[in-house]
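Visitor: model this:
(chains A and B)
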Amino acid sequence: MNRHLISAADLSRDDALLILDTADELAQVADRPIRKLPTLRGRTVVNLFYEDSTRTRISFEAAAKRLSADVINFSAKGSSVAKGESLKDTALTLEAMGADAVVIRHSASGAPHRLAGWVRGSVVNAGDGQHEHPTQALLDAFTMRRRLGRLDGLRVTIVGDVLHSRVARSNVLLLRTLGAEVTLVAPPTLLPVAVGSWPCDSGYDLDAALPKTDVVMMLRVQAERMNAAYFPTVREYSRRYGLDDRRLALLPEHAIVMHPGPMNRGVEIAADVADSPRSTIVEQVANGVSIRMAVLYLLLGGAEAAR
Amino acid sequence: MHALHPPGEDSGQARPDPAGNSRSAVPPGSKTVLGSEEIRRALTRIAHEIVERTDGASDVVLLGIPTRGVPLAHRLAARLSQAEGHPAPAGSLDITMYRDDLRLRPARSLGHTEVPAEGIDDKIVVLVDDVLYSGRTVRAALDALGDLGRPRAVQLAVLVDRGHRELPIRPDYVGKNLPTSQREVVRVLLAEVDGQDAVILGQDSAEPGADGAAGAGR
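Guide: Residues are numbered from 1 along each chain as shown, chains lettered A, B, ... in the order given. Here you go, the predicted model:
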């Protein structure tokens, strides 16, 4: 394993499987009377969140606390960032406080990479701009493996706002490493220009893709990042790319429905579909804690020299 | 992988052997101290001692410490149910997250923990390991147990006690007391993991990687 987790592309197949296997064991901790392990006692994990987040921040916080690490939460609102402090100065402050790991979410792609050059501890990317969100990809792969028993050869269709999605990019890279076949389906305006160079297929027709799919992952329409008209109306988007009951019926019997959250019910996913037993959306949240425990353990649990 | 286990390294964790020689016969300079027949008899004796000491073993839960404590726990469970006619639950207890030497080495992969459905509350838990050495593994196991429940009593069964304790811990059931020097290496091979049953006493070989790294601590 590298010292940092910045991109899903940094993970070899063995690294990724080690994280998934470790998470499998750590998932048991959630069912125990005492949901805590002493492993990271005396280590400090800083959650540095420059962008709003509910589940990722809480998930990292829960993961670090279950491993007995000390957690310092930092959000841009109500900190010196509001007074204009730069990322580097914030990083040096954290360094002086002895952070063993920094979990960073930032609206600028590449911020975690810059941070890794400034601090001695491990940097974990919790989402940077439109670039990557590797722990989300890991928890998605973990959820697929738990539900369907394998990843090799699995047909995964990722649908929706691929252009603005860091989840999609990390998933494509990681699932490729793990042997799954990924297809992106989106309106042409919401596919990145360079999608041809990604290790996956792409298309525009959701109805055609669904019958050949084991996992369908719906992406949130990221209205806050849209500074142009990418589709005519929300209703039209929903008609062509939303997952409703009719489309759910096109999926093979065993197929599962995933969504990284937060959902726009009625836009990319119908409420009935989100709440159906084939949806893994709540499971993904629980699995997120196990995956983040595994990542923190593997980055911080061993000898300094090895990191 | 390390050829030399640091002191405090108690039980063998799963170490893949790149040379694949863990299944080979006794390496030169080593001798077999227990063969498969002796191991079988030792386990049978331990099983009978457990029955005696726990009043029929009705509340006993056997928890093996990975890697080689787990098959030993299952073998003991089979003997207990044979002797007493009721099944004895067996499982495994991984202690990696509770070790006191985690920071001395790169992060280790975790073993499997599987507590029998009956749980451990108010049971007599018998911890099972292959080699008892410094006692640090057992210390970690006691901490791990405390997070899983509250047993009525905890006992310790080991196939080999090689001495050199670093903590105030003693076994309740011992297959064989094996006086060793700290320079020696005790390796336990079990059919379930290594394809054969044997306890081998060897010299600490200086060449790195020469140790088959199959069994437990030095």
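
Visitor: now the residue most central in space within chain A: phi and psi?
Guide: Geometric centre of chain A, nearest residue: A:Q136, 1.7 Å, by Cα atoms, centre = their mean. Here is the backbone geometry of A:Q136 (degrees, to the nearest 10): phi -70, psi -40.

Visitor: that one: what's it in contact with?
Guide: A:T56, A:G127, A:R166, A:V167, A:S170, A:N171, A:P260, A:G288 (Cβ atoms under 8 Å, 6 or more residues apart in numbering or on different chains). C-betas here are computed from N, CA, C, even on glycine.

Visitor: how about the closest residue to the first one other than its chain neighbours, secondary structure?
Guide: Here the nearest residue to A:T56 in space, its sequence neighbours aside, is A:A126; by Cβ to Cβ, 6 or more residues apart in numbering or on different chains that works out to 5.2 Å. The three-state assignment at A:A126 reads strand, by DSSP: H, G, I helix; E, B strand; the rest coil.

Visitor: count the residues that sit near the residue of the stretch 51-200 of chain A found nearest chain B.
Guide: In the stretch 51-200 of chain A, the residue that lies nearest chain B is A:L67 (8.0 Å; Cβ to the nearest Cβ). Neighbourhood size, A:L67 [other Cβ atoms under 10 Å in any protein chain shown]: 25.

Visitor: for it, which non-adjacent residue is spatially closest?
Guide: In space, A:L67 is closest to A:L40, 4.1 Å off (Cβ to Cβ, 6+ apart).

Visitor: next, give phi and psi for the most centrally placed residue in chain B.
Guide: Nearest to the geometric centre of chain B sits B:D129, at 1.9 Å (Cα atoms, centre = their mean). Dihedral pair for B:D129: phi -140, psi 160, per degrees, to the nearest 10.

Visitor: what's the spacing between the nearest residue to it once chain neighbours are set aside and chain A?
Guide: Counting by Cβ to Cβ, 6+ apart, the nearest residue to B:D129 once its immediate chain neighbours are dropped is B:G69, at 4.2 Å. Distance, B:G69 to chain A, using Cβ to the nearest Cβ, to the nearest Å: 16 Å.

Visitor: doesn't B:V131 make contact with B:G69?
Guide: No. The criterion here is Cβ atoms under 8 Å, and B:G69 misses it with B:V131 at 9.4 Å.

Visitor: report the buried residues of stretch B:155-165.
Guide: B:Q155, B:L156, B:A157, B:V158, B:L159, B:V160, B:D161, B:R162, B:H164, B:R165 (16 or more other Cβ atoms under 10 Å in any protein chain shown).

Visitor: so which of those residues is the closest to B:I124?
Guide: Set against B:I124, the nearest of these by Cβ to Cβ is B:Q155 (6.6 Å).

Visitor: tell me which residues touch B:E114, please.
Guide: B:G91, B:S92.

Visitor: could you report the neighbour count for B:D94?
Guide: Other residues near B:D94 come to 22 when the count uses other Cβ under 10 Å.

Visitor: that one against A:L26, yeah?
Guide: No. Using Cβ under 8 Å as the test, B:D94 is too far from A:L26 to be in contact (10.6 Å).

Visitor: for the longest helix belonging to chain A, packing partners?
Guide: Secondary structure of chain A per DSSP state H: the longest helix is helix A:281-300. Other elements packing on helix A:281-300 under the criterion 3 or more Cβ pairs under 8 Å, 6 or more residues apart in numbering or on different chains; DSSP states H and E are helix A:13-26, helix A:55-66, strand A:101-106, strand A:122-128, helix A:134-148, strand A:256-258.

Visitor: count the neighbours of residue 65 for me.
Guide: Let's take chain A. A:K65 has 17 nearby residues by other Cβ under 10 Å.

Visitor: switch to chain B, that's the one I care about
Guide: 30.

Visitor: try B:G195
Guide: 11.

Visitor: quick one, grab the pLDDT at it.
Guide: Looking at B:G195, its pLDDT is 95.

Visitor: and the gap between it and B:G56?
Guide: Per Cβ to Cβ, to the nearest Å, B:G195 is found 35 Å from B:G56.

Visitor: again, but for A:V215
Guide: 51 Å.

Visitor: likewise A:V193?
Guide: 74 Å.

Visitor: contacts only, for the residue in the stretch 151-300 of chain A that chain B sits nearest to.
Guide: With Cβ to the nearest Cβ, the shortest gap between the stretch 151-300 of chain A and chain B falls at A:L298, namely 4.8 Å. Neighbour list for A:L298: A:M1, A:L18, A:I19, A:T22, B:A107 [criterion: Cβ under 8 Å, 6+ apart].

Visitor: can you give me every residue that contacts the first one?
Guide: Neighbouring residues of A:M1 by Cβ under 8 Å, 6+ apart: A:D15, A:L18, A:L298, A:L299, B:A107.

Visitor: which stretches of the chain form strands?
Guide: I went with chain A, as the question did not name one. In chain A, the strands defined using DSSP state E lie at A:44-49, A:70-75, A:101-106, A:122-128, A:155-159, A:181-185, A:201-203, A:215-218, A:256-258.

Visitor: not quite, I wanted chain B
Guide: Under DSSP E, chain B gives strands at B:31-34, B:60-64, B:90-92, B:124-132, B:153-161, B:173-177, B:184-189, B:198-203.

Visitor: of these, which is nearest A:A76?
Guide: strand B:90-92 (45.3 Å).

Visitor: just the buried positions in the longest helix along chain B, please.
Guide: Using DSSP H, we find that the single longest helix of chain B is helix B:36-53. Neighbour counts using 16+ other Cβ under 10 Å place B:E38, B:I39, B:A42, B:L43, B:I46, B:A47, B:I50, B:V51 of helix B:36-53 among the buried residues.

Visitor: up against chain A, what does chain B have?
Guide: B:94, B:97-98, B:102-113, B:143, B:146-149 (Cβ under 8 Å from any Cβ of the partner chain).
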